[in-house]
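Colleague: got a predicted model here, sequence first, then my questions.
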2 protein chains.
Amino acid sequence: MTADDIKAMLHASKTMQAIQSEVENTNRIALSVDCVIFGFEENKLKVLLIRSDLKKYKEKWSLLGDLIKPNEDLDSAAYRVLHQRTGLDDIFLEQVHTFGAVKRHPAGRVVTVAYYSLINVEHHKLKILDNELHWQDVKTVTDLAFDHQEIFDTCYKRLQKRIQEHPLGFNLLPKKFSLRELQNLYESILDIKMDRRNFRKKFFSMNLLTDINEMEKDVPHRPGKLYQFNFKKYEKNKKTWIGIDF
Amino acid sequence: MTADDIKAMLHASKTMQAIQSEVENTNRIALSVDCVIFGFEENKLKVLLIRSDLKKYKEKWSLLGDLIKPNEDLDSAAYRVLHQRTGLDDIFLEQVHTFGAVKRHPAGRVVTVAYYSLINVEHHKLKILDNELHWQDVKTVTDLAFDHQEIFDTCYKRLQKRIQEHPLGFNLLPKKFSLRELQNLYESILDIKMDRRNFRKKFFSMNLLTDINEMEKDVPHRPGKLYQFNFKKYEKNKKTWIGIDF
DNA sequence: ATTTAATGTGTAATATTAACACATTATTTG
DNA sequence: CAAATAATGTGTTAATATTACACATTAAAT
């Protein structure tokens, strides 16, 4: 579509002109993205938080976010925030919900699009030198700044749901992992205990794991086998996942 | 929080000032809501569409939407659009996804928050006098204006998923309905055939239906019993719903 | 009185999920 | 080097949930 096309369209439609005028003038709103960045460390599900900008919220932590630029796609903005903070590309990212209460942010009307992402903590460990940032156990996240607690809760619930429907968990693990690590991951995310035999049976029956004939090293007990995630057969296994009720 | 509090905060934080300035000036974007309004009529799942504003898209249908006002909550904007078009209050509404590609709308940068809603067609039949509006069978929705096809597809998939997890379907039915109507609804939404006996067994076992001791009237065959939806026991039945795989 | 088009009902086979225990192995400790 | 430790690895049975399937019944229409 050329500029002339657009002009022609605009002249052709009164309604359209009205929209155009509104778009240009009064009805614009600041838009941001906020990312709930999950990582798995020390057998705990953690979230990356930053000290709040505002004096009033100085003691509180908040999610990582930024304003969306006028020429930037939503997802690009979310990726930008992630890349800036973690140095990682190619990150799992899912849009969750848009929060737009008029008074949600003290700086004025800011509507925010919330994403969560799953990252492999090992891959970017060196990047968090900044002491404004830290990884926090999700179980202890209770009082974030602004409406970020609500955003976090919503994203965490979404993750809990998704992980029972799709094999997302692998994004949080190193390339090679043991079944214990995998089960710990699920147990941390869902905050439940699972039966080891049934868990193993389930994953093996789904053909998602490739046995790479390596063993764990430097563990103070009998080492377990290491596996890799096998994406190939995933599509065939959409039906049931981990049989956990909420 | 008083105005002075805000002022104090703003002076206290350089970053905050920067945000404030950006919020006020350059980084604002037009925001809209678009609603995929579902209705159930003649045993078909339908969607309410409006003829497109734009000359270029004159032959195409589009979703109902409007710009969000600077002092309006997101959900309020969606409710407003629904109320304006259907005259109904107290409508089932769920936010689905926010679409924000820079070039998604020919009128310039407009980010849109998509909702779907479920309405009882009987309740508002009289309101659609406007010939710019019509109900269209979802099966024939193939070429909407702008990116509305993508929005529609996303919302329809969400509905298909949700209806297997929660008892939303009742929002589309009259207060009293037969099991045939209920099953037709599920079959239309999911675009599958279901076994009648198993369907009935499932719903009865969930204690969601109240037998009101009335029968269908004016049907050209043996009339069925009428039921009402019973919300009371819903929370207890979160686990399984209609056992359909995707 | 017959045809029509639906309602209403139960059981058996299959698949999935849940519960449950013991021998094995590498490491660490005494 | 023997014992203790802390994990891995493995199979079966019971309970539950899902699927497949057929015939008598009823009210209205012809």
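Modeller: Looks like it came in fine. Just so it is clear, the structure is predicted and the values come from calculations on it, not from any experiment.
Colleague: how distant is the helix ranked longest in chain A from the center of its chain?
Modeller: The longest helix of chain A (DSSP state H) is helix A:148-162. Here helix A:148-162 shows a centroid-to-chain-centroid distance of 9 Å under the convention Cα atoms, centre = their mean, to the nearest Å.
Colleague: go on, stretch A:92-111?
Modeller: 15 Å.
Colleague: okay, buried residues for that stretch please.
Modeller: For stretch A:92-111, the neighbour count (16 or more other Cβ atoms under 10 Å in any protein chain shown) marks A:93-100, A:102, A:104-107, A:109-111 as buried. All C-beta spots, glycine's among them, are computed from the backbone N, C-alpha and C.
Colleague: circling back to that earlier point, touching DNA strand D at all, whichever helix or strand comes after the longest helix of chain A?
Modeller: Sequence-wise, the next helix or strand downstream of helix A:148-162 (DSSP states H and E) is strand A:177-178. Yes: using Cβ under 7 Å from any atom of the strand, strand A:177-178 comes into contact with DNA strand D via A:S178.
Colleague: what's strand A:177-178 in contact with?
Modeller: A:E216, A:G224, A:K225, A:L226, A:Y227, A:Q228 (Cβ atoms under 8 Å, 6 or more residues apart in numbering or on different chains).
Colleague: quick check, that strand touching DNA strand C?
Modeller: No: Strand A:177-178 lies out of reach of DNA strand C by Cβ under 7 Å from any atom of the strand, never closer than 13.1 Å.
Colleague: show me what that strand pairs with in its sheet, parallel or antiparallel.
Modeller: The strands beside strand A:177-178 in its sheet (DSSP bridges) come out as strand A:225-229 (antiparallel).
Colleague: dump the partner strand to CSV, keeping only the CA atoms.
Modeller: Output of strand A:225-229 as CSV, limited to C-alpha atoms (Å, rounded to 0.1, in the frame of the first residue of the first chain):
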residue,chain,number,x,y,z
LYS,A,225,21.6,-40.9,33.1
LEU,A,226,21.6,-37.7,31.1
TYR,A,227,19.0,-37.0,28.4
GLN,A,228,18.3,-34.4,25.7
PHE,A,229,15.0,-33.1,24.6
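Colleague: and the longest strand along chain A, which residues are buried?
Modeller: Criterion DSSP state E: the longest strand present in chain A is strand A:28-41. By neighbour count with 16+ other Cβ under 10 Å, strand A:28-41 contains the buried residues A:28-40.
Colleague: and A:V219, how many neighbours?
Modeller: 11 (other Cβ atoms under 10 Å in any protein chain shown).
Colleague: oh, that last question was meant for A:L172, not what I typed.
Modeller: 25.
Colleague: which residues sit in contact with it?
Modeller: A:F38, A:G39, A:F40, A:L45, A:L118, A:I119, A:N120, A:V121, A:L185.
Colleague: at 6 Å instead, please
Modeller: By Cβ atoms under 6 Å, 6 or more residues apart in numbering or on different chains, the contact set of A:L172 is A:F40, A:L118.
Colleague: for whichever residue of chain A sits closest to DNA strand C, report the pLDDT, please.
Modeller: Nearest residue of chain A to DNA strand C (Cβ to the nearest atom of the strand) works out as A:R222 at 2.7 Å. A:R222 carries a pLDDT score of 89 in this model.
Colleague: run a quick neighbour tally on it.
Modeller: Neighbour count for A:R222, taken as other Cβ under 10 Å: 7.
Colleague: next, give phi and psi for it.
Modeller: phi -50, psi 120 (degrees, to the nearest 10).
Colleague: any idea how far the residue in chain A that DNA strand D sits nearest to is from A:Q160?
Modeller: Nearest residue of chain A to DNA strand D (Cβ to the nearest atom of the strand) works out as A:R180 at 2.6 Å. The spacing between A:R180 and A:Q160, counted by Cβ to Cβ, to the nearest Å, is 21 Å.
Colleague: next, the buried residues of the helix or strand just after the longest strand of chain A.
Modeller: Using DSSP H and E, the helix or strand that follows strand A:28-41 towards the C-terminus is strand A:44-51. Within strand A:44-51, the residues scored as buried using 16+ other Cβ under 10 Å are A:K44, A:L45, A:K46, A:V47, A:L48, A:L49, A:I50, A:R51.
Colleague: what sits against the last one?
Modeller: With contacts defined as Cβ under 6 Å, 6+ apart, A:R51 is in contact with A:E132.
Colleague: what pairs with it across the strands?
Modeller: As assigned using DSSP bridges, the partners bridged with A:R51 are A:W61.
Colleague: spit out the contact partners of the nearest residue in space to A:Y57 that is not next to it in sequence.
Modeller: Leaving aside its chain neighbours, A:Y57 sits nearest to A:A145 (3.9 Å; criterion: Cβ to Cβ, 6 or more residues apart in numbering or on different chains). Taking Cβ under 6 Å, 6+ apart as the criterion, A:A145 is in contact with A:S52, A:Y57, A:K60, A:S62.
Colleague: surely A:E132 and A:L48 touch.
Modeller: No: using Cβ atoms under 6 Å as the test, A:E132 is too far from A:L48 to be in contact (11.1 Å).
Colleague: ok, back up a step: distance of the residue of chain A closest to DNA strand C from A:V110?
Modeller: Distance, A:R222 to A:V110, using Cβ to Cβ: 53 Å.
Colleague: and if you look at A:Q136?
Modeller: For A:Q136, the distance to A:V110 (Cβ to Cβ) stands at 24 Å.
Colleague: in space, what's closest to A:F199 - neighbours in sequence excluded?
Modeller: That would be A:Q183: by Cβ to Cβ, 6+ apart, it lies 5.1 Å from A:F199.
Colleague: looking at this, the one you found is in a helix?
Modeller: Yes: remark: A:Q183 belongs to a helix, assigned using DSSP: H, G, I helix; E, B strand; the rest coil.
Colleague: that one: neighbour count?
Modeller: For A:Q183, the number of neighbouring residues by other Cβ under 10 Å comes to 18.
Colleague: hmm, it is touching A:R200, no?
Modeller: No: using Cβ under 6 Å, A:Q183 is not in contact with A:R200; the gap is 8.0 Å.
Colleague: the residue nearest to A:Y57 and A:R104, how far apart?
Modeller: 11 Å.
Colleague: swap in A:S188?
Modeller: 29 Å.
Colleague: what's the answer for A:K225, then?
Modeller: Distance of A:K225 to A:R104, computed by Cβ to Cβ: 48 Å.
Colleague: kindly report the same for A:I212.
Modeller: Per Cβ to Cβ, A:I212 is found 47 Å from A:R104.
Colleague: show me what contacts the residue of chain A closest to DNA strand C?
Modeller: A:R222 neighbours (Cβ under 6 Å, 6+ apart): none.
Colleague: one more: A:I189?
Modeller: A:I189 sits next to A:L45, A:I163 when contact means Cβ under 6 Å, 6+ apart.
Colleague: so it is in which element?
Modeller: Secondary-structure assignment from DSSP H and E places A:I189 in helix A:179-190.
Colleague: after that helix comes which helix or strand?
Modeller: Once the chain leaves helix A:179-190, the next helix or strand it forms, by DSSP H and E, is helix A:196-205.
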